[in-house]
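> Sequence and predicted structure are below.
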Amino acid sequence: DFCLSRGLGDVYKRQGNTESTALFNMSLYFDEFEDCHKPLEDYDYQAGSNGKSGGWRALAAYRLILKGGEIMFPDGAVTEVPMGYSDYALGGFVSAFNTAESANMQDEFPEEIIDYMERIIEYLIYMGAPDGTGYSQGNSEDHKSTAALTRSKWLNNKTDNDLIRWYASGKKLGPAPKETSRIYPIGLKYISRSGWGDEGVGSHFNADGACNVHGHADDLTFDLFAYGDHLLVDNGVMDYSDSDIRAWQISTRAHNTIEINGVGQRTPKWSLSSVKKDPFTGETLYLPDESPVTKDADGNQINYDSLGHKYEPGYFMDTELNDGYDYVRGGTNNYKNRTLAAKNLKWNDYAYERSVFFVRPDFYLITDYLDPLTDKNEVNTYEQRWHTMPGVTVNIDDTTGQARTSGQDASVIIAPVAQEEPLDATVESGYYTPATGSVMETQHALYTKKAAGTTTMNTVIYPVAPGKDFTVSTQNLELSVPESAALSLIHI
């Protein structure tokens, strides 16, 4: 009685789901008690956390449904940023079903939870790379994950979902889904793929604002998989220690996006002390202090950094997915309202947007739009990074500034489009986490641009299959539109 009546709204998302799973499992083992079988009485879940009268099992099932619903957005995306944590939440449902089945009480298992499991598994399938492994996001090591296949096989005989049954068969029984790429407009994820074959080309792009659930300062990051290899990656996180390496892995500079004037996006600090150092350059990494969590008048969660500034999800705009190309343009709100007194930095607000144009099935054109909102005359430094896996060498052509990777079966060409303001191209070191508690040193390409006012950075990302080679050349076209809005390219 105490466990079930302590409150239905006290524990949020994955933790609440875990607790509710345990309570449901407990209710199955006390079948001989009269209180176990009482019906569920009417209760306003939003009215408060003073418990609900009713039978243990009915209340436990009710609580499981409510808490299970909290781990998903209405568009089907899971609220946890890392795929491993999404699978963890799914594992609670699997445990509850297995307990009910072992007690021969499958009829007691809520039908709503089967629907939740289908939605989470579908999300895992679409959010994966073409070969079924994951794109590491936030605090995760998903490049080795096969959770989508494992969970699909488990649910296969319990569902009529065509996608899950097809995936559980090893992509053999039935036709492949016509939809290859997908946008989650509320979860703010865009996943592209050229097809469902293991050797296809695919990418991950997000504007989720870290979501306060194991996310990093990585709005508008772009991760690439092609021809069997993860080519451009998120570095993951070593552990949950108070260390410079962990601070670097959380920071914007550890992701395939842009850092402005040496300062990353606003994001939760995740229990780090207020000042940490870049383990390679010794520069201060400016992360906010532990962020208080509060709620607005409607009960919605609002997150603030220690200076009282809200960090928040970004946005998607101008999206189009079709058989010839994908186009998604997104933006971040986390380069606004920054106060960095410790650095004595005069800080502009910045509008930063990025578009991803996938020319099926071969390559991507990335355009970064950067706009200082308060001072158009100050020269700003924009640093764009492209991170690779351990063992990969990044080589930069001194003439074109193009970066090429080697050391994997596949490779990638990173080709900046010629611009009036020169780009400085260098190779830096980074830290990648293959498993919790370990790091491996890596290389990444760094492109630095100094410009005043509104500017763009345009980049061709061209994956190259094993045994193939290409030369990429780019060219701006003169068009009667603002310079910052127009570019084209030629590839050979």
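Okay, I see it. Numbering: from 1, shown residues only.
> dump the residue contacts of residue 260.
Contacts for residue 260 were tallied using CB atoms under 8 Å, 6 or more residues apart in numbering; they are 335, 350, 352, 370, 380-383. C-betas here are computed from N, CA, C, even on glycine.
> gap between it and residue 350?
Going from residue 260 to residue 350 by CB to CB, to the nearest Å gives 6 Å.
> Same check on residue 137?
Separation of residue 137 from residue 350 (CB to CB): 23 Å.
> out of the two, which sits in the busier spot?
Shown here are residue 137 and residue 350; by other CB atoms under 10 Å, residue 137 has more neighbours (28 against 22).
> pLDDT at the more buried one, what is it?
What the model reports for residue 137 is a pLDDT of 85.
> Can you verify it is assigned to a strand?
No - assigned with DSSP: H, G, I helix; E, B strand; the rest coil, residue 137 falls outside any strand and is coil.
> How about the contacts made by it?
Contacts of residue 137 by CB under 8 Å, 6+ apart are 81-83, 204, 206, 215-216, 218, 234.
> at 10 Å what do you get?
Residue 137 makes contact with 80-86, 127, 189, 204, 206, 208, 214-216, 218, 221, 223, 234, 236, 255, according to CB atoms under 10 Å, 6 or more residues apart in numbering.
> For the spatially most central residue of the chain, what are phi and psi?
Nearest residue to the geometric centre of the chain (CA atoms, centre = their mean): residue 137, 4.5 Å. The phi/psi pair for residue 137 (degrees, to the nearest 10) reads phi -130, psi 130.
> quick one: it and residue 215, what's the gap?
Noted for residue 137: a distance of 7 Å to residue 215, by CB to CB.
> what do the two both touch?
80-82, 206, 208.
> Inside strands: which ones of those?
residue 206 (DSSP state E).
> quick one: which of the shared contacts of residue 137 and residue 215 is nearest residue 200?
Of all the shared contacts of residue 137 and residue 215, residue 206 has the smallest distance to residue 200: 20.0 Å, by CB to CB.
> in the sheet, who's paired with the residue nearest to the closest one when sequence neighbours are not counted?
The spatial neighbour of residue 206 that comes closest, neighbours along the chain excluded (CB to CB, 6 or more residues apart in numbering), is residue 189 at 5.1 Å. Using DSSP bridges, the bridge partners assigned to residue 189 are residue 184, residue 206.
> Run a quick neighbour tally on residue 189.
Residue 189: 26 surrounding residues under other CB under 10 Å.
> which residues of this structure fall in helices?
Remark: helices assigned in the chain by DSSP state H are 2-5, 13-28, 56-69, 83-102, 111-127, 147-155, 162-168, 244-250.
> can you list the ones you listed in TSV and add mean pLDDT and mean neighbour count?
Shown next, in TSV, are the helices of the chain (pLDDT from 0 to 100; neighbours: other CB atoms under 10 Å):
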stretch	mean pLDDT	mean neighbour count
helix 2-5	56	15
helix 13-28	80	21
helix 56-69	82	23
helix 83-102	88	20
helix 111-127	93	20
helix 147-155	93	20
helix 162-168	96	20
helix 244-250	88	23
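> Relative to residue 180, which of those helices is closest?
Nearest to residue 180 among the helices of the chain is helix 111-127; the distance by CB to CB comes to 9.2 Å.
> Tell me how far the closest one lies from the chain's centre.
Mean-position distance between helix 111-127 and its chain equals 18 Å (CA atoms, centre = their mean, to the nearest Å).
> Contact partners for the closest residue to residue 444 other than its chain neighbours?
Once flanking residues are discounted, residue 444 sits nearest to residue 387: 4.3 Å by CB to CB, 6+ apart. With contact taken as CB under 10 Å, 6+ apart, residue 387 is in contact with 221, 223, 231-235, 253-256, 394, 428, 430-432, 442-446.
> List the ones among the residues you listed that fall in strands.
Members of these lying in strands (criterion: DSSP E): 223, 231-232, 394, 428, 430-432, 442-446.
> Between those residues, which sits nearest residue 276?
Distance to residue 276, by CB to CB, is smallest for residue 431 among those, at 13.2 Å.
> Count the residues that sit near that closest one.
When neighbours are counted by other CB under 10 Å, residue 431 registers 23.
> pLDDT wise, what is it at?
pLDDT for residue 431: 94.
> Distance of the closest residue to it other than its chain neighbours relative to residue 282?
Among residues not flanking residue 431 along the chain, residue 439 sits closest, at 4.4 Å (CB to CB, 6+ apart). Counting by CB to CB, the gap from residue 439 to residue 282 is 18 Å.
> Which one's more surrounded, these two?
Between residue 439 and residue 282, counted using other CB under 10 Å, the more crowded position is residue 439 (22 against 8).
> so who does the more buried one touch?
Per CB under 10 Å, 6+ apart, neighbours of residue 439: 235-239, 245-246, 248-249, 279, 390, 430-433.
> now do residue 350
258, 260-261, 263, 265, 332, 334-336, 338, 370-374, 380, 382.
> isn't residue 318 right up against residue 367?
No - contact criterion CB atoms under 10 Å: residue 318 and residue 367 do not qualify, at 11.4 Å.
> and stretch 319-328, which residues are buried?
Using 16 or more other CB atoms under 10 Å as the test for burial, stretch 319-328 gives 321, 326-328.
> from the residues you listed, which is closest to residue 363?
Of all the buried residues of stretch 319-328, residue 363 sits closest to residue 326, with 11.8 Å by CB to CB.
> For the closest one, list the residues it contacts.
Neighbour list for residue 326: 180-183, 190-193, 203, 205, 319-320, 356-360, 364 [criterion: CB under 10 Å, 6+ apart].
> where in the stretch 151-300 of the chain is pLDDT low?
211-213, 268-275, 286-300 (pLDDT under 70).
> if we go to 80?
Low-confidence segments of the stretch 151-300 of the chain (pLDDT under 80): 210-213, 266-276, 284-300.
> same question, the stretch 301-450 of the chain
For the stretch 301-450 of the chain, the stretches flagged by pLDDT under 80 are 301-312, 336-348, 418-422.
> quick one: the strands in it?
Along the stretch 301-450 of the chain, counting by DSSP state E, counting those that start in this stretch, strands occupy 301-303, 315-321, 325-332, 350-359, 363-372, 379-387, 393-396, 403-406, 411-416, 423-432, 440-452.
> among the ones you listed, which is the most enclosed?
strand 411-416 (a mean of 24; mean count of other CB atoms under 10 Å).
> Direction included, what does that one pair against?
Take DSSP bridges as the rule and strand 411-416 pairs in its sheet with strand 403-406 (antiparallel), strand 455-464 (antiparallel).
> With only the CA atoms kept, save stretch 460-473 in CSV.
Provided in CSV are the C-alpha atoms of stretch 460-473 (Å, rounded to 0.1, in the frame of the first residue of the first chain):
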residue,chain,number,x,y,z
VAL,A,460,30.3,18.7,-49.1
ILE,A,461,30.4,15.4,-47.2
TYR,A,462,31.2,12.7,-49.7
PRO,A,463,31.6,9.1,-48.4
VAL,A,464,33.7,6.8,-50.5
ALA,A,465,33.1,3.0,-50.8
PRO,A,466,35.9,0.6,-50.3
GLY,A,467,38.1,0.3,-53.4
LYS,A,468,36.7,3.5,-54.9
ASP,A,469,38.1,7.0,-55.3
PHE,A,470,36.7,10.4,-56.2
THR,A,471,37.7,13.9,-56.8
VAL,A,472,35.4,16.6,-55.4
SER,A,473,35.5,20.1,-56.8
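> buried ones in that stretch?
Across stretch 460-473, burial judged by 16+ other CB under 10 Å covers 460-465, 470, 472.
> Taking those, tell me the two that lie furthest apart.
Spatial extent of the buried residues of stretch 460-473 (CB to CB) is set by the pair 460 and 465 at 16.4 Å.
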